[in-house]
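Asker: fold the following and give me the result.
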Amino acid sequence: MSLFSDPRWGEALAHLPDYLGSHVRVSVAALVLGLLVSLPLAIAARNRPVMRGVLLGLASIVQTVPGLALLALFYPLLLALASLSLSWFGFGFSAFGFLPAVLALALYSMLPVLRNTVIGLRGIEPSILEAAEGVGMTPLQSLMSVELPLALPVMMAGIRTAAVWVIGTATLSTPIGQTSLGNYIFAGLQTQNWVLVLFGCAAAALLALAVDQLLALIEAGLRNRQRIRAILGGAGIAALVAATLVPSLARPSSTYVVGAKTFAEQYVLSALISQRLSAAGFSATTRAGLGSNVIYEALVNGDIDVYVDYSGTLWTNQFHHAALKPRQQLLTDLKTNLARQKVTLLGELGFENAYALVMPRKRAEKYGIRTVTDLAAIAPTLSIAADYEFFSRPEWTALRTAYGLNFREQRQMQPDFMYAAAASGEVDVIAGYTSDGLIAKYDLVTLSDPKGVIPPYDAVVLIAPKRAEDQDLREALQPLIGRIDIAAMREANLRAAGGDANASPDAVARWLWEKTKPENAKK
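Answerer: Predicted coordinates for the structure are as follows:
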């Protein structure tokens, strides 16, 4: 089967109206906001060296912040502001998705607009400005009739650069809940679906190219005083925005929003929940690729209705408890903690996805390593890899302290790539997940934790406060509770991460339901 006859292209095309429309809307909103702020500031600073230096310096500093970090930083900031607004003025706003993405992307757009506007205005011949003053023009008349028209080609170059930057960086807004073409890329990386990754990258590149060419048409029209070109370019951008609005206006709003974190298991489980809701007669959309803290806060604030989390993550990361307890006691106390925030723990799915230190079987046997205690003795000669958040989590601190772990090298990797890196010898140890089917695929072994440092990680279904009394939601999801064992979840994860054309999260979720649904368990 050739690449372009792969059925996954159909899956990618099915999501295009939603992903592209959301991407265009957030990009255009950010660019417009950036222009509304940058242009007046640049005009005001053109003849003020101190103000000009400060503005360009601050805009340059913003550019040094990685796009994903800047997007992520706006979420807790807006969350705090929304809480203050609610307590002081009696109304709040959503800090999830669109708003933090627009604000962060607007900041990203400012540097080229500020710089090019200042350069364009400062580059006008003094004699021209003197002539404008000599014919009796006021400063405002000179600005509007002489300076801006002459500087416009340079200004438009900055706007074009800003537009391309914003469209490219908008793909990183997926982890904070903004649907975009980045959904293709994040989902594809997690499930090793390279068709989705390729499709997302190509779509973002084509969108950036199309917008750049339309802006170039406007620029050429203004520069050459050909009004028709400028009108056509503006009409093209307006048509693009309008075309992306049509699908969203025609699509009925979903009854429920299902959240998912950034790895394959979460994509499968969110698809499974959505399918159960659809089977019960409700509609559901998925907000996938969310960070651990973002997804929980989104649930508390009602931006999503339901998702699957893990007891150990909630216990240590969300509620910052250091003391470990037996599994049932921890779950009981966790329910109490969640109830204080009016979050409902519907129940456990039936399997545990815990962190574990993992090694290639042959290497572990060579050194006689069966436990983390055994590992500690030779750790200074070994390298370890983990996902992007593990080394900043309390579990790593507890492991390092309890066992005296001190590795030669620490590396961060995309979760699915870690297993292949361990199997190929690129790294010696990884912080893996016990429900991951790649452990068996690559003939790896998990090391036992004799001191019980790692907490239990039962997969649990959480329901948002606004859905606490929603019996329809409870009844639709109740058949999942206690039905998924570790063997079934490992196989599902292996299928989802295998890169198979017929192993999309939706397809794997259907397989998982058929394998674990109650009537099959009775046979």
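Asker: low-confidence ranges in the stretch 251-400 of the chain?
Answerer: For the stretch 251-400 of the chain, the stretches with pLDDT under 70 are 251-253.
Asker: ok, the chain next?
Answerer: 1-8, 247-253, 498-502, 519-523.
Asker: helices or strands up against the top strand by length along the chain?
Answerer: Criterion DSSP state E: the longest strand present in the chain is strand 344-352. If contacts are counted by 3 or more Cβ pairs under 8 Å, 6 or more residues apart in numbering; DSSP states H and E, strand 344-352 sits against helix 327-340, strand 458-463, helix 486-496. (Each C-beta comes from the backbone N, C-alpha and C, glycine too.)
Asker: can you give me the angle that strand makes with strand 458-463?
Answerer: 160 degrees (axes from the mean of the first three to the mean of the last three Cα atoms, to 10 degrees).
Asker: buried set for the longest helix anywhere in the chain?
Answerer: Longest helix in the chain by number of residues, with DSSP state H as the criterion: helix 8-45. For helix 8-45, the buried set under the neighbour-count rule, 16 or more other Cβ atoms under 10 Å, comprises 8-9, 11-12, 15, 17-31, 33-35, 37-39, 41-43, 45.
Asker: closest to residue 100 out of the helices and strands packed on strand 344-352?
Answerer: strand 458-463 (22.0 Å; Cβ to Cβ).
Asker: quick one: strands adjacent to the closest one?
Answerer: Strand 458-463 pairs in its sheet with strand 306-310 (antiparallel), strand 344-352 (antiparallel), by DSSP bridges.
Asker: what's in contact with it?
Answerer: 269, 273, 296, 299, 305-311, 314, 327, 331, 334, 338, 343-353, 435, 470, 473-474, 477, 480-481, 484, 489 (Cβ atoms under 8 Å, 6 or more residues apart in numbering).
Asker: how far away is residue 418 from residue 154?
Answerer: Per Cβ to Cβ, to the nearest Å, residue 418 is found 47 Å from residue 154.
Asker: residue 429 too?
Answerer: Residue 429 is 54 Å from residue 154, by Cβ to Cβ.
Asker: so between those two, which is more surrounded?
Answerer: Comparing residue 429 with residue 154 by neighbour count (other Cβ atoms under 10 Å), the higher total belongs to residue 429, at 26 against 18.
Asker: pretty sure that one is touching residue 356, no?
Answerer: No - applying Cβ atoms under 8 Å, one finds residue 429 not in contact with residue 356, separated by 10.5 Å.
Asker: tilt between the helix or strand following the longest strand of the chain and strand 306-310?
Answerer: Using DSSP states H and E, the helix or strand that follows strand 344-352 in sequence is strand 355-360. Here strand 355-360 runs at an angle of 60 degrees relative to strand 306-310 (the same axes, to 10 degrees).
Asker: pull up the pairing partners for strand 355-360, direction included.
Answerer: By DSSP bridges, strand 355-360 pairs with strand 429-433 (antiparallel), strand 444-446 (antiparallel).
Asker: what does that strand rub up against?
Answerer: 312, 369, 372, 375, 384, 390, 395, 399, 419, 422-423, 425, 428-434, 439, 442-447, 449, 454, 457.
Asker: show the backbone phi and psi for residue 305.
Answerer: phi -100, psi -30 (degrees, to the nearest 10).
Asker: now it. Nearest residue, chain neighbours left out?
Answerer: Spatial nearest neighbour of residue 305, excluding adjacent residues (Cβ to Cβ, 6 or more residues apart in numbering): residue 256 at 4.6 Å.
Asker: that neighbour pairs with what?
Answerer: residue 284.
Asker: how many residues are close by it?
Answerer: 22.
Asker: pretty sure residue 106 contacts residue 33?
Answerer: Yes - between residue 106 and residue 33 there is a contact at 4.1 Å, judged by Cβ under 8 Å.
Asker: most tightly surrounded among the strands paired with strand 458-463?
Answerer: Highest mean neighbour count among these (mean count of other Cβ atoms under 10 Å): strand 306-310, with a mean of 25.
Asker: got the angle for that one vs helix 327-340?
Answerer: Using the same axes, to 10 degrees, strand 306-310 lies at 140 degrees relative to helix 327-340.
Asker: which element follows strand 306-310 toward the C-terminus?
Answerer: Following strand 306-310 in sequence order, the next helix or strand is helix 311-313 (DSSP H and E).
Asker: which elements pack onto that next one?
Answerer: Against helix 311-313 (3+ Cβ pairs under 8 Å, 6+ apart) you get helix 327-340.
Asker: ok now the helix it packs on, how far from the chain's centre?
Answerer: 28 Å (Cα atoms, centre = their mean, to the nearest Å).
Asker: name the helices or strands packed onto it?
Answerer: helix 311-313, strand 344-352, strand 458-463.
Asker: which residue packs closest to residue 219, ignoring adjacent ones?
Answerer: residue 156 (3.8 Å).
Asker: residues of the helix or strand harbouring the one you found that come out buried?
Answerer: Assessed by DSSP H and E, residue 156 sits inside helix 148-169. Residues of helix 148-169 classed as buried by neighbour count (16+ other Cβ under 10 Å): 148, 150-152, 154-169.
Asker: same question for stretch 319-328.
Answerer: Buried, per 16+ other Cβ under 10 Å, within stretch 319-328: 321, 324, 327.
Asker: C-alpha coordinates for stretch 291-306, CSV please?
Answerer: The C-alpha trace of stretch 291-306 is given here as CSV (Å, rounded to 0.1, in the frame of the first residue of the first chain):
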residue,chain,number,x,y,z
GLY,A,291,-0.8,18.9,30.2
SER,A,292,-1.5,17.3,33.6
ASN,A,293,-2.1,20.5,35.5
VAL,A,294,-4.0,22.2,32.6
ILE,A,295,-6.4,19.3,32.2
TYR,A,296,-7.3,19.2,35.9
GLU,A,297,-7.8,22.9,36.1
ALA,A,298,-9.9,22.8,33.0
LEU,A,299,-12.1,20.2,34.6
VAL,A,300,-12.5,22.2,37.8
ASN,A,301,-13.4,25.3,35.8
GLY,A,302,-15.9,23.5,33.6
ASP,A,303,-14.0,23.8,30.3
ILE,A,304,-14.1,20.0,30.0
ASP,A,305,-16.7,17.6,31.5
VAL,A,306,-14.9,14.4,32.0
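Asker: columns distance to residue 505 on top of the strands paired with strand 458-463, output as TSV?
Answerer: Output for the strands paired with strand 458-463, formatted as TSV (distance: least, Cβ to Cβ, whole Å):
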stretch	distance to residue 505
strand 306-310	13
strand 344-352	16
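Asker: since we're on residue 60, how many residues are nearby?
Answerer: Around residue 60 there are 13 residues (other Cβ under 10 Å).
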